[in-house]
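> below are the sequence and a predicted model; questions follow.
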Amino acid sequence: MQTPPRKVYLDNSATTRVDPEVVQIILPYFTELYGNASSTHQWGQRAKQAMEEARHQVAQFINATATEIVFTSGGTEADNLAIKGIAEAHAGKGKHIITSQFEHPAVLNSCKHLESLGWNVTYLPVYREGIVRPADIETAITDETVLISVMHVNNELGTIQPIKQIGDLVKARRAAGHKHLHLHTDAVQSVGKIPVDVRDLGVDLLSLSGHKIHAPKGVGALFVRRGVRLQAQSHGGHHERDRRAGTESVPLVVALGKACELERLHLQEFITRVGNLRDGLEAEIITRIPNVSRNGDTECRVPHISNFNFDHCEGEGLMIALDLKGIAVSTGSACASGSIEPSHVLTAIGLDHENGRGTLRFSLGKETTQEELDYLIETLPVVVEKLRRISPKAGVRH
Ligand SMILES: Cc1ncc(COP(=O)(O)O)c(C=O)c1O
């Protein structure tokens with residue numbers, strides 16, 4: 001019998017392994033090139049140079065210009081800065097924001113915070129397929145709307161949102177005089193997985209995060225289109241063109257730049273190779289395990305995420321059983337007040353307590369191999385069968 005791989009990491013949407021090339025390149029910035037990028041001596045200038053090169057690498061990856069990139073501590077801060085920064089800068093024009101029901105908490109809770117300050121927020125439905133409809137946005141826009149924030153790719157389902165169509169809509173409204181309307185997208189789950197081009201999408205602001213693309217945790221960026229007025233959310237020195245105060249972490253910023261460069265060079269290969277692996281995995285699961293279904297649209301999605309519902313199982317139980325076998329996946333449900341409840345994303349696509357609790361997300365990465373998936377495919381049916389046998393709801397369907 002073949003020896004199974006020891007560890008199979010299929011939770012790349014949660015976070016990724018830092019690329020060894022990235023680790024290598026940043027080490028000198030801790031011990032030798034440790035200057036403060038705001039200092040004028042040579043230590044400072046070397047640090048600044050490295051940071052500006054990283055800014056260029058990030059910009060190039062998303063077809064922005066370097067001056068449009070603001071470094072942040074990650075996706076959460078980028079989302080907060082975008083939403084609150086636009087809200088505060090344009091409150092005089094209106095106090096309405098449009099977003100979707102299945103955004104990341106970084107967006108949802110920023111919106112909730114603004115609601116507590118008197119803002120009006122529309123949370124759009126995403127339907128069974130997990131995709132926002134531009135027609136709903138058109139209906140929701142009022143003269144008071146200053147911001148539309150819709151994620152590019154949903155983190156649990158992997159579904160791609162029609163940002164370009166929304167961008168076209170925003171451009172048309174602006175041309176008709178609605179100058180204070182802005183479009184933000186949280187692209188934390190799309191950057192490095194599908195092509196992301198800020199001009200083509202027509203966005204004013206775009207958030208990204210380093211640790212989803214093989215850079216360390218604690219670094220990200222916000223693209224702010226030239227000419228967009230944004231109120232800084234942290235106050236201090238004149239860093240990041242007065243848009244984000246605080247001494248920049250040069251090693252982390254350099255890591256983000258390098259990670260963007262590597263992802264840019266290997267994007268097409270990732271899409272093809274990982275897409276094939278994912279499709280093969282899904283076909284095997286569907287063939288080998290009865291009573292399974294996929295969540296979210298299966299066409300309009302990123303190549304590396306697969307979200308399955310296993311009837312008569314609990315996602316938490318499945319996740320733990322797989323973990324014991326050395327396989328890391330994540331669940332779309334969590335224990336809330338003693339019962340297993342589906343996440344807000346699954347609830348938004350219409351899954352309820354009964355139908356949404358047996359959900360697993362498999363998120364493949366650039367390092368995922370067929371051998372690892374073979375091990376999962378051998379292990380998963382056994383684990384599912386075992387959990388169904390002890391489930392009181394299993395009945396005779398399997
Ligand atoms: C869609 C989305 N937005 C924002 C974030 C937050 O990014 P960070 O972990 O860098 O704060 C995540 C992380 O899971 C995410 O998936």
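Sure, I can see it. Computed from a predicted model, the values in this text were never measured in an experiment.
> what about the strands in the stretch 51-200 of the chain?
Counting by DSSP state E, counting those that start in this stretch, the segments of the stretch 51-200 of the chain that form strands are 69-72, 96-100, 120-124, 145-149, 182-186.
> make a markdown table from those strands and add mean neighbour count, mean pLDDT and distance to residue 284 to it.
C-beta coordinates here come from the backbone N, C-alpha and C atoms, glycine included. Below are those laid out as a markdown table (neighbours: other CB atoms under 10 Å; pLDDT from 0 to 100; distance: least, CB to CB, whole Å):
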| stretch | mean neighbour count | mean pLDDT | distance to residue 284 |
| --- | --- | --- | --- |
| strand 69-72 | 28 | 98 | 40 |
| strand 96-100 | 24 | 98 | 32 |
| strand 120-124 | 17 | 98 | 35 |
| strand 145-149 | 25 | 98 | 37 |
| strand 182-186 | 29 | 98 | 32 |
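> closest one to residue 197 among the ones you listed?
Nearest to residue 197 among the strands of the stretch 51-200 of the chain is strand 182-186 (11.7 Å), distances taken as CB to CB.
> given the closest one, what are its sheet partners and their directions?
According to DSSP bridges, strand 182-186 forms sheet pairs with strand 145-149 (parallel), strand 205-209 (parallel).
> where's the closest residue to residue 366 other than its chain neighbours, which helix or strand?
Among residues not flanking residue 366 along the chain, residue 270 sits closest, at 5.5 Å (CB to CB, 6 or more residues apart in numbering). Element membership for residue 270 (DSSP states H and E) is helix 250-288.
> next to the ligand, which bits of the chain? Give me the list.
Near the ligand, the residues belonging to the chain are 74-76, 79, 104, 106, 151, 155, 186, 188-189, 209, 211, 220 when assessed by CB under 6 Å from any ligand atom.
> pipe these into TSV and attach distance to residue 24 per row.
Output for the residues of the chain next to the ligand, formatted as TSV (distance: CB to CB, whole Å):
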residue	distance to residue 24
74	22
75	25
76	27
79	30
104	31
106	30
151	32
155	29
186	30
188	25
189	27
209	21
211	18
220	21
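> could you list the low-pLDDT ranges of the chain?
Applying pLDDT under 70 to the chain flags the ranges 1-5, 333-339, 392-398.
> how is it carved up into domains?
Domain assignment of the chain by automatic domain parsing yields the ranges 8-16+266-390, 20-263.
> ok, back up a step: next, the angle from the helix holding residue 270 to strand 205-209.
80 degrees (axes from the mean of the first three to the mean of the last three CA atoms, to 10 degrees).
> just list what helix 250-288 packs against, helices and strands only.
Applying 3 or more CB pairs under 8 Å, 6 or more residues apart in numbering; DSSP states H and E, one finds that helix 250-288 contacts helix 20-26, helix 28-31, helix 42-62, strand 292-294, strand 305-310, helix 370-390.
> ok, now with 6 Å
Using 3 or more CB pairs under 6 Å, 6 or more residues apart in numbering; DSSP states H and E as the contact test, the elements touching helix 250-288 are helix 20-26, helix 28-31, helix 42-62, helix 370-390.
> in a markdown table, list those helices along with mean neighbour count.
Shown next, in a markdown table, are the helices and strands packed on helix 250-288 (neighbours: other CB atoms under 10 Å):
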| stretch | mean neighbour count |
| --- | --- |
| helix 20-26 | 16 |
| helix 28-31 | 13 |
| helix 42-62 | 19 |
| helix 370-390 | 17 |
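> residue 349 is nearest to which of those?
For those, the distance to residue 349 is smallest for helix 370-390, at 21.8 Å, taking CB to CB.
> neighbours around the residue lying closest to residue 155 once chain neighbours are set aside, how many?
Computed as CB to CB, 6+ apart, the closest residue to residue 155 that is not its neighbour in sequence is residue 189, at 4.8 Å. Neighbourhood size, residue 189 [other CB atoms under 10 Å]: 28.
> repeat for residue 286
Around residue 286 there are 13 residues (other CB under 10 Å).
> also residue 348?
Neighbour tally, residue 348, other CB under 10 Å: 23.
> list phi and psi for it.
Main-chain torsions, residue 348, degrees, to the nearest 10: phi -70, psi -30.
> surely it is in contact with residue 127?
No. Residue 348 is beyond contact range of residue 127, at 8.7 Å (criterion: CB atoms under 6 Å).
> kindly reformat the helices and strands packed on helix 250-288 as JSON lines containing distance to residue 232.
JSON lines is the format used below for the helices and strands packed on helix 250-288 (distance: least, CB to CB, whole Å):
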{"stretch": "helix 20-26", "distance to residue 232": "27"}
{"stretch": "helix 28-31", "distance to residue 232": "25"}
{"stretch": "helix 42-62", "distance to residue 232": "18"}
{"stretch": "helix 370-390", "distance to residue 232": "44"}
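> closest to residue 302 out of those?
helix 42-62 (15.8 Å).
> starting at the chain centroid, how far to that closest one?
24 Å (CA atoms, centre = their mean, to the nearest Å).
> what's the angle from that helix to strand 205-209?
Here the directions of helix 42-62 and strand 205-209 differ by 110 degrees (the same axes, to 10 degrees).
> could you report the neighbour count for residue 80?
When neighbours are counted by other CB under 10 Å, residue 80 registers 21.
> how about residue 225?
Using other CB under 10 Å, residue 225 has 18 neighbouring residues.
> residue 224 is nearest to which of the helices and strands packed on helix 250-288?
When these are compared by CB to CB, helix 42-62 sits nearest residue 224, at 11.4 Å.
> which strands and helices sit next to that closest one?
Counting by 3+ CB pairs under 6 Å, 6+ apart, helix 42-62 packs on strand 69-72, helix 250-288.
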